[in-house]
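> Got a sequence here, can you build the structure:
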Amino acid sequence: MSDVRRVPDRDTECRISDVSSGVSVADLAALLPDCPFTLFQREAGGYRAVLRQGYVGSFEYTFLSEQPDLWAAALANGVVRVPDARSSKQGFEVWVVVDPPGLAERLLVVELPAAVDPGFLLVAMLATFRNVGSGLPPWMASYVADFSSRKSPLLIIAEAGSGLEELIAEFLRKRFGPEVQAEYFQPGRLSAQIQMREIFGDAAGARLGGEGSGVPLLARGLDVIVVQEVADLDLAVQRRLMDLFVSDEHSVYWILATTRDLPSLARAGLFSSALADLLKGGQFVLPPLRKARDIIRVEGDRILADLQKRYNRQIELGVAARRAIEAYDWPGNWAELRKTLESAFLTASGGEISPEDLRLGQWVEPDSDDLNLRRRARDLEKQILLRAYALHSGNQVQMARALGISRGSLQYKMTKYGLQ
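Next up, the predicted model:
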């Protein structure tokens with residue numbers, strides 16, 4: 001382990017900084033909204049901090065090199081608690097999550113409140129790691145080269161679950177490098193006044209607090225602004241953006257994403273026809289999985305090979321299951337294919353995945369703007385149960401202990417989601 005030292009000062013704003021490891025900022029921040037954490041990525045000669053929340057300035061950890069005996073448990077089980085007197089005095093416990101166990105390509109050092117049962121969170125953190133660890137598929141990476149030289153503004157049209165977020169992240173890395181300063185703006189459910197203030201400026205429009213509070217997007221020195229669902233922008237905001245784009249005075253690269261038919265919205269008077277015409281010249285369409293059926297077999301084999309390596313289990317895809325996959329319409333696109341294969345792989349009783357193991361239709365990706373807490377919580381709970389099953393080889397006693405629930409509750413949840 002590299003010799004790193006820790007500066008324990010915390011930032012009450014819980015700032016989230018650069019990430020270049022492929023881990024979702026939103027996923028980790030949602031899991032740990034009030035917990036200081038640092039994510040390390042293995043590099044030649046040691047580990048580099050690639051994502052931080054809840055600290056001020058640069059900081060490092062000493063126990064990575066000073067207490068090597070602690071790492072035996074972490075490497076074997078994926079998690080370990082590290083004694084830390086200073087954190088204990090402040091009501092926190094330091095935990096380290098290792099991914100993957102035995103190889104430690106990434107380390108997540110997180111300070112959890114001592115009063116919180118860590119079992120559920122720790123398994124959820126491992127789930128977050130493994131959900132994004134496979135990287136961008138080769139067929140999707142080829143799309144990046146297709147539009148990497150296009151000028152701003154760039155319009156990307158993609159259905160939900162098509163891999164849009166992964167595609168944009170790879171595009172930013174390729175074109176602007178790992179230190180790119182990018183901001184994602186989601187206008188859905190924001191009033192026209194708030195949208196205008198967030199983009200163009202007005203301190204009274206600050207809605208989230210924290211870093212950049214009251215500072216408009218155009219005044220933050222950003223390299224890139226990504227608008228998630230441009231169709232949700234108010235017409236007045238669209239006209240203002242149109243003026244900005246045609247003036248050639250903007251230095252920020254704009255990526256506008258949508259899942260909707262903008263020309264049809266324009267004809268109905270729900271979208272600026274001038275902006276729709278401007279964006280049409282630089283648009284890129286990410287084809288849905290059902291319209292790129294030649295890659296389903298290749299991508300399915302790639303996902304399965306990744307799962308075999310990750311979990312060290314030789315589970316194969318049966319002939320009948322393969323036919324079912326190729327005949328299915330995949331409304332949830334790539335995300336649904338990935339979740340379907342992973343759930344089948346983790347719960348297959350024999351050495352071969354059957355059509356019944358696939359449970360087609362149960363893993364459609366929810367809308368990214370969907371605020372239905374019950375629906376999103378069910379999806380997260382199913383994913384965590386599957387990861388716990390894999391981590392503990394289906395041992396329900398160990399699973400229940402890791403999840404912080406009783407064995408009876410575990411059995412109820414497994415039956416509830418058809419995972420028995």
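
> If we go by neighbour counts, what in stretch 179-192 is buried?
By neighbour count on 16 or more other Cβ atoms under 10 Å, the buried set for stretch 179-192 is Val180, Ala182, Phe185, Pro187, Leu190. C-beta here means a position set from N, CA and C on the backbone, and glycine is covered the same way.

> how far away is the third one from Pro178?
Look at Phe185 and Pro178: by Cβ to Cβ, to the nearest Å, they are 21 Å apart.

> helices and strands around the helix or strand in which Thr415 is found, which ones?
If you go by DSSP states H and E, Thr415 is part of helix 407-416. Counting contacts by 3 or more Cβ pairs under 8 Å, 6 or more residues apart in numbering; DSSP states H and E, helix 407-416 packs against helix 373-391, helix 396-403.

> In CSV, list the ones you listed along with mean pLDDT, mean neighbour count and distance to Leu107.
Below are these laid out as CSV (pLDDT from 0 to 100; neighbours: other Cβ atoms under 10 Å; distance: least, Cβ to Cβ, whole Å):
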stretch, mean pLDDT, mean neighbour count, distance to Leu107
helix 373-391, 73, 17, 17
helix 396-403, 82, 18, 19
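
> Using JSON lines, lay out those together with distance to Leu256.
Output for the helices and strands packed on helix 407-416, formatted as JSON lines (distance: least, Cβ to Cβ, whole Å):
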{"stretch": "helix 373-391", "distance to Leu256": "25"}
{"stretch": "helix 396-403", "distance to Leu256": "41"}
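
> out of these, which comes closest to Asp277?
Asp277 lies closest, by Cβ to Cβ, to one member of the helices and strands packed on helix 407-416: helix 373-391, at 36.2 Å.

> Would you mind confirming that Asp99 is in contact with Glu105?
Yes. With contact defined as Cβ atoms under 8 Å, Asp99 and Glu105 form a contacting pair (6.4 Å).

> For the stretch 151-300 of the chain, which segments count as helices?
Under the criterion DSSP state H, counting those that start in this stretch, the stretch 151-300 of the chain contains helices at 164-176, 192-200, 235-247, 262-267, 273-280, 296-311.

> can those helices go into JSON lines with extra columns for mean pLDDT and distance to Ile405?
Listed next are those as JSON lines, based on pLDDT from 0 to 100; distance: least, Cβ to Cβ, whole Å:
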{"stretch": "helix 164-176", "mean pLDDT": "84", "distance to Ile405": "31"}
{"stretch": "helix 192-200", "mean pLDDT": "89", "distance to Ile405": "40"}
{"stretch": "helix 235-247", "mean pLDDT": "91", "distance to Ile405": "46"}
{"stretch": "helix 262-267", "mean pLDDT": "93", "distance to Ile405": "46"}
{"stretch": "helix 273-280", "mean pLDDT": "93", "distance to Ile405": "49"}
{"stretch": "helix 296-311", "mean pLDDT": "82", "distance to Ile405": "23"}
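
> out of those, which comes closest to Ile255?
Closest to Ile255 of the helices of the stretch 151-300 of the chain, according to Cβ to Cβ: helix 164-176, at 6.2 Å.

> That closest one packs against which elements?
Using 3+ Cβ pairs under 8 Å, 6+ apart: helix 164-176 touches helix 138-147, strand 154-158, strand 224-228, strand 253-258.

> Let's have those in a markdown table, adding mean neighbour count, distance to Leu172 and mean pLDDT.
Listed next are the helices and strands packed on helix 164-176 as a markdown table, based on neighbours: other Cβ atoms under 10 Å; distance: least, Cβ to Cβ, whole Å; pLDDT from 0 to 100:
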| stretch | mean neighbour count | distance to Leu172 | mean pLDDT |
| --- | --- | --- | --- |
| helix 138-147 | 15 | 10 | 74 |
| strand 154-158 | 22 | 11 | 92 |
| strand 224-228 | 22 | 6 | 92 |
| strand 253-258 | 22 | 8 | 94 |
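
> possible to save these as JSON lines with distance to Ala335?
Formatted as JSON lines, the entries for the helices and strands packed on helix 164-176 read as follows, by distance: least, Cβ to Cβ, whole Å:
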{"stretch": "helix 138-147", "distance to Ala335": "12"}
{"stretch": "strand 154-158", "distance to Ala335": "11"}
{"stretch": "strand 224-228", "distance to Ala335": "15"}
{"stretch": "strand 253-258", "distance to Ala335": "15"}
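
> wait, which of the ones you listed is closest to Gln90?
Of all the helices and strands packed on helix 164-176, strand 224-228 comes closest under Cβ to Cβ, at 36.0 Å.

> Report the strands that pair with the closest one, each with its relative direction.
strand 182-185 (parallel), strand 253-258 (parallel) (DSSP bridges).

> Name the residues that touch that strand?
Identification of contacts with strand 224-228 by Cβ atoms under 8 Å, 6 or more residues apart in numbering yields 168, 172, 176, 180-188, 217-218, 233, 252-257, 368-369.

> what about the helix or strand harbouring Arg42, average pLDDT?
Arg42 is located in strand 37-43, with elements delineated by DSSP H and E. Taken as a whole, strand 37-43 carries a mean pLDDT of 75.

> same for that strand, what does it pack against?
strand 46-53, strand 106-113.

> So the protein: which segments form each domain?
25-132, 138-286, 290-416 (automatic domain parsing).

> rewinding a little: and the helices and strands packed on helix 164-176: which comes nearest Asp294?
helix 138-147 (9.2 Å).

> what angle sits between the closest one and helix 296-311?
Relative orientation of helix 138-147 and helix 296-311, computed by axes from the mean of the first three to the mean of the last three Cα atoms, to 10 degrees: 120 degrees.

> now helix 138-147 against strand 154-158, angle please.
Using the same axes, to 10 degrees: helix 138-147 against strand 154-158 is 150 degrees.

> Just want the angle from helix 138-147 to helix 164-176.
50 degrees.

> Who are the packing partners of helix 138-147?
Looks like helix 138-147 contacts helix 164-176, strand 283-286, helix 296-311 (3+ Cβ pairs under 8 Å, 6+ apart).
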